[in-house]
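J.: here are the coordinates; sequence isn't available:
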């Protein structure tokens, strides 16, 4: 194992509801760098983050963080390790019964014995970093989508983690919020030397901040390299994704056994699964 | 035939799996966090117990009043209306207070617990708590379980007290039963162990079962709006049926050898 890598994923296989999500994925996340994991929707990018965070267990393969096998840790050890990790959820996942200030102060309150005055100062510093110190008294229901994401980011960095994982940070953001988030991710990485994993399918924004990129499709790593290397990649599947072409080797349609014509002629017995 | 058999097997396995999960959940969910556990518990006792007081007090008063009215109609035929106090107190302490309070608790606090935890799960709040390194079983589940275990028996006591006062209001103030005999028949017939303790024991059992069902349904639900709606319904239905079924078993064990 290479010491310069904070995360090492080896031969990872995972399936859910009979569907193979990953088969033999290998990737390394170097310390202090921003690594992007990209791929079309539904390829299991968020699942990969959950496997890294120990929320899901792989069928085969290993995930090592700081040279410790995440899935061999006991429950208390796993929770201790997570204090050194931050995760920004796609929905923000703020605690709806706590104010913005209390949300950001939450990790400090539960994991440290700091006096109240210091918790206050640290919380305000984190909120200042994401530009929302003035919103500290608001409740999560009063925030816009972009603000929610930034408060969640402040909470994720409250304990100055070694590793921060961003799950689709740019989805549903207006251009200004998107610009702010891109800037924040870059600044956090440079100022605090935080290792970052960005899972995204927003190509333009991700390629501007990533040091290294993995493209995942069909349950395996399809391409890897620096953003410049990917831009000139000859593989038609990578090229289709990077240049945003609607159809190509990566199909637009979800796989099905019947043709569209047959489905149309069959009548009304499709799509019955659901409410029981 | 084979299809039905395999379906039956599938349902049985799923039920057993769910039961197993719920037992592990209960064992893991009983550990309160060391830091701030008391504060979290008190907040939940306020939400689950104190805020359930109005519905319990109002229901208890009306049930006591109806009991006295119906009891009086029957007892007066035997010139035994002095025994009204005994009848009201016995009915409330042994049966009505534990059972009706538990049913009200399942409807008011149980459904709220399921919906709250379910929504926390659907909006990834529980997952984000795990990723912050905080065990939601300790921080979210344990305070709610313990608050339910503590609140329901206390609410049952309130129900009994206001029920007896409601019975007094109708029996003595309205129907004219002699106040002294209302209290003295009650005092001479109600036994602390047989009636009060057995009633409280029932209430403790109901508290365990109803809270366990409510919290587990919230934690184990499918994180969609439909899943939350189904789980909330299940909490009220399973909770109420469990209370009524267990009440029969407990009554048979406590009073069946007469």
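T.: Yep, that arrived. The structure presented is a predicted model; accordingly, all values stated were derived computationally and were not measured. Numbers count the residues shown, from 1 in each chain, chains lettered A, B, ... in the order given.

J.: which helix runs longest in chain B?
T.: Counting residues, the longest helix found in chain B (DSSP state H) is helix B:225-255.

J.: do it and chain A meet at all?
T.: Yes. Using Cβ under 8 Å from any Cβ of the partner chain, we find that helix B:225-255 touches chain A at residue B:226. Glycine gets a C-beta too; all of them are placed from N, C-alpha and C.

J.: which neighbouring elements make contact with that helix?
T.: Packing contacts for helix B:225-255, counted by 3 or more Cβ pairs under 8 Å, 6 or more residues apart in numbering or on different chains; DSSP states H and E, involve helix B:97-105, helix B:111-122, helix B:198-220.

J.: what about it, average pLDDT?
T.: Throughout helix B:225-255, pLDDT has a mean value of 94.

J.: between helix B:198-220 and that helix, find me the angle.
T.: Helix B:225-255 runs at 160 degrees relative to helix B:198-220, counting by axes from the mean of the first three to the mean of the last three Cα atoms, to 10 degrees.

J.: related to what we said a few turns ago, determine which stretch of the helices and strands packed on helix B:225-255 is the most buried.
T.: Highest mean neighbour count among the helices and strands packed on helix B:225-255 (mean count of other Cβ atoms under 10 Å in any protein chain shown): helix B:97-105, with a mean of 26.

J.: got the angle for it vs helix B:198-220?
T.: For helix B:97-105 against helix B:198-220, the angle by the same axes, to 10 degrees is 20 degrees.

J.: pull out the buried residues from the longest helix of chain B.
T.: B:228, B:230-232, B:234-236, B:238-240, B:242-243, B:246-247, B:250, B:254 (16 or more other Cβ atoms under 10 Å in any protein chain shown).

J.: ok, now which ones touch residue A:215?
T.: Residues near residue A:215 by Cβ atoms under 8 Å, 6 or more residues apart in numbering or on different chains: A:38, A:39, A:221, A:222, A:223, A:224, A:230, A:238, A:241, A:242.

J.: what's near enough to touch the residue nearest to residue A:211 when sequence neighbours are not counted?
T.: Among residues not flanking residue A:211 along the chain, residue A:33 sits closest, at 4.2 Å (Cβ to Cβ, 6 or more residues apart in numbering or on different chains). By Cβ under 8 Å, 6+ apart, residue A:33 lies in contact with A:189, A:195, A:196, A:211, A:212.

J.: for residue A:33, give me phi and psi.
T.: phi -110, psi 170 (degrees, to the nearest 10).

J.: how far away is it from residue A:195?
T.: Residue A:33 sits at a distance of 7 Å from residue A:195 (criterion: Cβ to Cβ, to the nearest Å).

J.: which residues do these two both contact?
T.: With Cβ under 8 Å, 6+ apart as the test, residue A:33 and residue A:195 both reach residue A:189.

J.: what helix or strand does residue 181 sit in?
T.: In the absence of a named chain, this looks at chain A. According to DSSP states H and E, residue A:181 maps onto helix A:175-192.

J.: oops, I was thinking of chain B
T.: In this structure, residue B:181 sits in helix B:179-189 according to DSSP H and E.

J.: nearest the geometric middle of chain A, what residue?
T.: Central residue of chain A (Cα atoms, centre = their mean): residue A:167, 2.5 Å from the mean position.

J.: ok, for that one, nearest residue in space, not its chain neighbours?
T.: residue A:90 (4.8 Å).

J.: same question for residue B:69.
T.: residue B:170 (5.4 Å).

J.: residues in contact with the one you found?
T.: B:64, B:65, B:68, B:69, B:72.

J.: quick check, the first one in contact with residue B:163.
T.: Yes. Look at residue B:64 against residue B:163 with Cβ atoms under 8 Å: they come within range, at 3.4 Å.

J.: tell me if the residue nearest to residue A:167 really is in a strand.
T.: No. Assigned with DSSP: H, G, I helix; E, B strand; the rest coil, residue A:90 falls outside any strand and is coil.

J.: okay, now it: neighbour count?
T.: 16 (other Cβ atoms under 10 Å in any protein chain shown).

J.: and for residue B:92?
T.: 28.

J.: circling back: closest to chain A among the contacts of residue B:170?
T.: Chain A has its nearest neighbour among the contacts of residue B:170 in residue B:64, at 36.4 Å by Cβ to the nearest Cβ.

J.: follow-up on the earlier one: can you give the distance of whatever helix or strand comes next after the helix holding residue A:181 from its chain's centre?
T.: Following helix A:175-192 in sequence order, the next helix or strand is strand A:195-200 (DSSP H and E). Per Cα atoms, centre = their mean, to the nearest Å, the displacement of strand A:195-200 from the mean C-alpha position of its chain is 6 Å.

J.: contact partners of strand A:195-200?
T.: Contacts of strand A:195-200 (Cβ under 8 Å, 6+ apart): A:6-7, A:29-38, A:45-46, A:48-49, A:52, A:162-171, A:185, A:188-189, A:206, A:209-210.

J.: report the angle between that strand and helix A:175-192.
T.: 160 degrees.

J.: contact partners of stretch A:114-122?
T.: A:105, A:108, A:109, A:112, A:158.

J.: gap between the fourth one and residue A:122?
T.: Going back to what we said before, that points to residue A:112. Separation of residue A:112 from residue A:122 (Cβ to Cβ) stands at 9 Å.

J.: do the second one as well
T.: Counting by Cβ to Cβ, the gap between residue A:108 and residue A:122 amounts to 6 Å.

J.: need the overlap of contacts for the two.
T.: In contact with both residue A:108 and residue A:122: A:114, A:158, using Cβ under 8 Å, 6+ apart.
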